[in-house]
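Engineer: return a 3D structure for these sequence lines:
(chains A and B)
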Amino acid sequence: MDFINETAAVNGLADEIVKGGVCLFNAVKYIYSIAEESFYTVNIKDAFKIVLNNITDTDSLTALGLHIDSRSCGEMLGEEYEKVLPLMVYSLAVRIPVLKNLRGASGPMTDDQLYKVYNAVIAKGAENCKEAVTESFMEIKYLVRKGKRLPPYNADWFKTYIYTNVPSLAEITNKNMFLLGFADVLFAMFYSCLEENLFEKIKEYSADDFGESVEL
Amino acid sequence: MIFTSSAVFAVNGSRSLHKLELSKTLLRFVEFDFTYFWEQCIEAGRNARKTGRISKNLENMAINSLVKCHPYVEACSFSEFSSVVIDCIIAYICHSEGIGLEELWARCISPKSLYEKAIFNRVSEYKTGRGINQWINIVRMQEYARSKLKFIYECDANVMLRPEEYRTRMEYFDLAFSVAANETGCPTDKLPSVRMYTPAQLPDAVFMMGRVSKNIYRRLSDVLGNAEMWEEKQLNDHNRDQTALDAFSYVKDMPRPGDNDMKFALEAVMASAETVYVPDSFKALIDLEFTLMCREGIYMSKCPRCGRFFVRDADEKSPYCRRVNSSGKTCFEQINEELGLIRKQENVPDKEIDSPRQEKEIPETDDITAALNEAAADINSADENTAKQPPEPAQTVQNVVYEQIALPDFTMETEQPEASGQDEAAEEKPEEAPPEKPAPKSVRQAILEMEPPYTPTEVPKELEKRGQRIYNMLYKRIGSLMTEREFREWSGYLSDTKRDIREGNAEISQMEEFLDYWETAIKKQTRRSRRKKGEPVPFEPPVIVREKPSNEYSSMFDEAVEAAERKEDSGISPAGTEAAPEERRFKPFEPPKYSTVLEAMNDGKYKSEELLRKDGEDTDDITVDGRRITLPNWERITRN
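Structural biologist: Model prediction:
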């Protein structure tokens, strides 16, 4: 695909993926805090709506009266849980080959372009800590090239990591069960919205005229 | 009499004390016009839509105009009511665009500006129960206060209930509220309530009486330095006493302070109120005001003239208020003036009003006395023979007026104490007893009949819309067609007219006439401005001039006076000043209607003319009013 400025496009897309990862990381914390004292006052559906409509900014969640502090989500303030952030960005980065599905007049993004974006994201701090994420860039690239159906983005790696590395969250409590329950739904929906957002970004950076019709 | 009873209250989270002037605060709140605030908010909203943020100046201006409505709003203007402008804007958007809060929230979920973010945050607060729309709350609270005021104090104008009856009404109203709350599952212990404190027991007393508190701390610092701190979670409903007595254990051995410290304490105590109320909501304070009014013996009554509530003294007999209205006078003054004026038009016997003016000698203990004196002065000045008559004591003047004007009964009692104190001479001469009380019915009836002559009715929606349209048009023309002040007066007049229609003091045609006038004025102004700009002026259909209603209140009054004059001239007693205006109306001419020519010919008039025809005359012509009319020749038409 021809970009107006390929470097800017690569950096822009990488930024978007990193911001998405950070947003997902914060969203999990905010929604987890609902279980502390806003369980009956905050509608989780509203929280989802806000997150999914503001893929790269979770500040709006504070409007619901949610706060990330030691009281509401002290269990997530440990060092081990902090590693979830690079993991989240990595889990999104390995799915970059999916961007090839958007085809402009000059064709889809090339493997080289995709790889540049992936490297830029890794350079920004994405990391597969303790090999928690089982998917890999090459695997997804293969599936996309073959036109095979991709496995849906899910929170399995997140749950596995928590069970094995974050004991405070692995404990069976009301709050932790709430976390594991909403994470499944949130991850899948969030990725879907992020993917759309990335397609829109590509259209902005692309030299091709997409008009109204978009080939996927 | 002006009531100055007041209470002191504080609001949660504030260290200031506020004054609640009983009855005055309530009356101001129930009558407060929020139109200006509403307009300011809309202006702020429009501005924010353009600039992307709500102007702080406009917001402050709007809040400043709102806080005057009630001291509670003023006290909470930086806490509870700090977002009232955005609340008003939200209400306006939802109302004007016909959308709900959920839709508005969804629209602003990805805010593009600070303005949208402010709306989103505020609606989120509503959704999560962390806030309510305070603008709507104020409006509903006004409705609540009005309803309660009406429920407790509205009754027959000439009747004053006993204090326990007023109290019962209030309790009944509150009980009804509790029943409704209970039946709808509302936890009654969570409903608005007021806590009562002495200044030293207030939650923030340590800071509010800072100087004394510092002195105490200095004396106890040694003991308190090693005290164990309580954690917030440890405090609950079950261990209140325990906690309090634990705190007491540090001061139990404290001796009474020296004279100097006591002097400071005395100053602080004397400077503060005896009792401080801390309401937990607006409604709680409104209820408190009603309760305290009942306790203080402050009762209200509805003025039958203006329909507004006013504080009525227990021994006050007049049902008319002493609140200054738009005319610059009170209803009480106006009604007395009208009574005096009508009496002046009646044929007052000279012998009874022959005293020269000595009102200045009369001690004016009451307004009604002054009004009586004024009326007497008018009567006497109108009479040329007055000067020839010997002067009489001032009290006689009062008696004369009292007799002639035939004031309602309530005015009598106000004079009694005066008479007993001054008129010793009258007591010595029983033969000069005060003149007999004339039947007051005629004049009083005339006045009563002149009062609201129309049936109360709702303003039609079309007319309301038309009024709103003209309001908007004029609002846009502030500065060109009228000034802002004139516009406010205009707006007030429109509101008054609507209220008068609802109360039966005006009729719909008056409002139509008013709107017609302003619509024409706006059109003319538009044409003028277009001509100036050289734009084409559209064709305008001729303006329909409505007939001026002949039976409006003011004209009725004039007509009654005219009738009195006419009757005076013709030697008829002026007792019937209440001549119905319908009698004086000219019946419009209606031509006789005939279904056939023959019927017309057979009508009485023509018949008589036919009789004038002389027998044997060949002509078929007849003469009517000197004109010759040829009758038609009837011929039978056949087919051939």
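Engineer: show me what from chain B comes close to chain A.
Structural biologist: Chain B has residues B:106, B:109-111, B:117, B:120-121, B:124-125, B:127-130 near chain A, with proximity defined as C-beta under 8 Å from any C-beta of the partner chain. Every C-beta, even on glycine, is put in place using the N, C-alpha and C of the backbone.
Engineer: can you pull the pLDDT of whatever residue of chain A ends up closest to chain B?
Structural biologist: Distances between chain A and chain B by C-beta to the nearest C-beta are smallest at A:A63, namely 3.7 Å. Turning to A:A63, the model gives it a pLDDT of 92.
Engineer: next one: A:L77
Structural biologist: At A:L77, the pLDDT value in this model is 86.
Engineer: which residues does it contact?
Structural biologist: Shown in contact with A:L77 (C-beta atoms under 8 Å, 6 or more residues apart in numbering or on different chains): A:S70.
Engineer: give me that answer again for 10 Å
Structural biologist: Residues in contact with A:L77, defined by C-beta atoms under 10 Å, 6 or more residues apart in numbering or on different chains, are A:K29, A:I68, A:D69, A:S70, A:S168.
Engineer: pLDDT-wise, which helix or strand of chain A ranks last?
Structural biologist: None of the helices or strands of chain A scores lower by mean pLDDT, DSSP states H and E than strand A:103-104, at a mean of 82.
Engineer: mean confidence for the helix or strand just after that strand?
Structural biologist: Sequence order places strand A:107-108 as the next helix or strand after strand A:103-104, per DSSP states H and E. Strand A:107-108 carries an average pLDDT of 86.
Engineer: list the buried residues for whatever helix or strand comes next after strand A:107-108?
Structural biologist: The helix or strand immediately downstream of strand A:107-108 is helix A:111-123, counting by DSSP H and E. Buried residues in helix A:111-123, counted by 16 or more other C-beta atoms under 10 Å in any protein chain shown: A:Q113, A:L114, A:Y115, A:K116, A:V117, A:Y118, A:A120, A:V121, A:I122.
Engineer: what of stretch B:155-174?
Structural biologist: Of all the residues in stretch B:155-174, those buried under the rule 16+ other C-beta under 10 Å are B:M160, B:L161, B:Y166, B:R167, B:R169, B:M170, B:F173.
Engineer: determine the set of other helices and strands touching the helix or strand harbouring the third one.
Structural biologist: Under DSSP H and E, the secondary-structure element containing B:Y166 is helix B:163-183. If contacts are counted by 3 or more C-beta pairs under 10 Å, 6 or more residues apart in numbering or on different chains; DSSP states H and E, helix B:163-183 sits against helix B:134-153, helix B:282-296, strand B:299-302.
Engineer: got the contact list for the residue nearest to B:T35 when sequence neighbours are not counted?
Structural biologist: What sits nearest to B:T35 in space, not counting adjacent residues and going by C-beta to C-beta, 6 or more residues apart in numbering or on different chains, is B:S491, at 6.7 Å. Contacts for B:S491 (C-beta under 10 Å, 6+ apart) come out as B:D33, B:T35, B:Y36, B:E39, B:G467, B:Y471, B:L474, B:Y475.
Engineer: give me the neighbour count for the residue of chain B found nearest chain A.
Structural biologist: Of all residues in chain B, B:S124 sits closest to chain A, at 3.7 Å by C-beta to the nearest C-beta. Using other C-beta atoms under 10 Å in any protein chain shown, B:S124 has 24 other residues around it.
Engineer: quick check: closest non-adjacent residue to it.
Structural biologist: A:A63 (3.7 Å).
Engineer: pretty sure that neighbour sits against A:K49.
Structural biologist: No. In terms of C-beta atoms under 10 Å, A:A63 does not count as a neighbour of A:K49; the distance is 11.5 Å.
Engineer: point out where the chain drops to low pLDDT.
Structural biologist: Just so you know, I chose chain A. Along chain A, the model assigns pLDDT under 70 to residues A:211-216.
Engineer: you answered for a different chain; I wanted chain B.
Structural biologist: Using pLDDT under 70, the flagged stretches of chain B are B:1-4, B:231-234, B:342-453, B:532-640.
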